[in-house]
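> Here is my input, please return the structure:
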Amino acid sequence: MNATPEGAEVRTGGCLCGRIRFTVTGPAVYPHTCHCGHCVKLGGAPVMWWVGFERVTWTGEGGEPTWFETFPGKAKRGFCANCGSRVAAVDCDIPEIGINVPALDDTSGVDLAPVNASFRESAVHWMPPVPDTSTAPSASTQSTRATNTVPASQSFAQPGVADCNTSPWC
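Next up, the predicted model:
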């Protein structure tokens, strides 16, 4: 059951064609940009903008997104099989689900402003860098991963994988 706790922040979003719709609950966790080669190719741009949420409920007629394993057994990205929009990411030891911020219906929240950039050394030279105003979530601050995000049989928990702990959802 995915009951929303009273007073919890709720946001909605979805893909371009509307088949994949979702509701996320909880505070925005570690909003950041990513310049890794996977995000650049998946996003078709020099950067992707991610944020984590503790709970997601897939509400559209398309159900859950189609998942592509960018790093087999460690990370996967969710997209709409109909329009191709990138909407989500699940990474090994990161408890929150990563949401591609532009997939949210309202991206104006100050809590969505990037606080850091992953793989900044791979960033294009002409884009101003995002200042590092926060650190990546640590294992000691992790909350419970959304129960309806990834079936237990498809868990990507890989303790000790450094990239997953320092660069979430990229």
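> Which strand or helix spans the most centrally placed residue in the chain?
Nearest residue to the geometric centre of the chain (Cα atoms, centre = their mean): residue 98, 1.5 Å. Residue 98 belongs to strand 97-100 when assigned by DSSP states H and E.
> mind saving the C-alpha coords of that strand as PDB?
Output of strand 97-100 as PDB, limited to C-alpha atoms (Å, rounded to 0.1, in the frame of the first residue of the first chain):
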ATOM      1  CA  ILE A  97      14.700   6.900  -6.600                       C
ATOM      2  CA  GLY A  98      16.300   9.400  -8.800                       C
ATOM      3  CA  ILE A  99      13.900  11.500 -10.800                       C
ATOM      4  CA  ASN A 100      15.000  13.500 -13.900                       C
END
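> packing partners for it?
When contacts are defined as 3 or more Cβ pairs under 8 Å, 6 or more residues apart in numbering; DSSP states H and E, strand 97-100 packs onto strand 21-25, strand 48-53, strand 55-58, strand 86-91. C-beta coordinates here come from the backbone N, C-alpha and C atoms, glycine included.
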